[in-house]
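Student: Here is my input; please provide its structure:
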Amino acid sequence: MMQKMMVLIQGDFVAPRFDLATEVLMVQFDKGNVIGEPKMIIMERSSDEALCQMAVEENITDIICGGIEEVHYNFLVWKKVAVLDAVIGNWRKAVEKGVAGTLSQGEILHSNKDESLTL
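Tutor: Numbers count the residues shown, from 1 in each chain. Take a look at the predicted model:
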């Protein structure tokens with residue numbers, strides 16, 4: 001069954017707050033494989049209501065985000081959207097793990113890069 005994921009991003013990271021996100025990435029996937037090209041949407045202004053509406057209109061099955069208000073979380077769950085919230089870290093790694101089905105709610109994603117300190 002094909003799924004469609006919405007990831008709220010800010011720069012290189014999962015957006016820390018659902019209600020303030022203006023960058024949205026949509027990814028279609030099936031059985032752990034991305035299908036087609038991901039779609040990036042830049043919203044004119046942040047709006048939690050617009051994001052919820054977009055999720056419903058786009059038939060989103062999964063959302064990855066940082067903090068989200070309970071009312072929006074409950075609405076999305078009621079609409080049969082799997083919400084993985086409180087995710088912190090690089091959005092590319094979140095997408096990779098989300099598509100693979102290994103991302104957990106509240107997960108902190110550490111960078112794969114060797115970030116050794118040079119003095």
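Student: Just the endpoints, please. Distance across stretch 81-96?
Tutor: With CA to CA, to the nearest Å as the measure, stretch 81-96 spans 18 Å from end to end.
Student: tell me how far that stretch is from the chain's mean position?
Tutor: Mean-position distance between stretch 81-96 and its chain equals 5 Å (CA atoms, centre = their mean, to the nearest Å).
Student: Just the buried positions in that stretch, please.
Tutor: 81, 83-87, 89-95 (16 or more other CB atoms under 10 Å). The C-beta positions use only the backbone N, C-alpha and C, and glycine is treated the same way.
Student: Just to be sure, which of those residues are found in strands?
Tutor: Residues of those located in strands (DSSP state E): 83, 84.
Student: Which members of the buried residues of stretch 81-96 are the farthest-apart pair?
Tutor: With CB to CB as the measure, no two of the buried residues of stretch 81-96 lie farther apart than 81 and 90, at 22.4 Å.
Student: Show me what the longest strand belonging to the chain is packed up against.
Tutor: Assignment by DSSP E gives strand 33-42 as the longest strand of the chain. Here strand 33-42 touches strand 23-30, helix 91-100, going by 3 or more CB pairs under 8 Å, 6 or more residues apart in numbering; DSSP states H and E.
Student: what angle do that strand and strand 23-30 make?
Tutor: 160 degrees (axes from the mean of the first three to the mean of the last three CA atoms, to 10 degrees).
Student: average pLDDT for strand 33-42?
Tutor: Average pLDDT, strand 33-42: 95.
Student: related to what we said a few turns ago, and which of the buried residues of stretch 81-96 is nearest residue 65?
Tutor: Relative to residue 65, and with distances defined as CB to CB, the nearest of these is residue 85, at 5.3 Å.
Student: and the closest residue to that closest one other than its chain neighbours, how many neighbours?
Tutor: Taking CB to CB, 6 or more residues apart in numbering, and ignoring the residues beside it in sequence, residue 85 has residue 68 as its nearest neighbour in space, at 4.8 Å. As a burial measure, residue 68 scores 22 neighbours (other CB atoms under 10 Å).
Student: Fine by me, thanks again.
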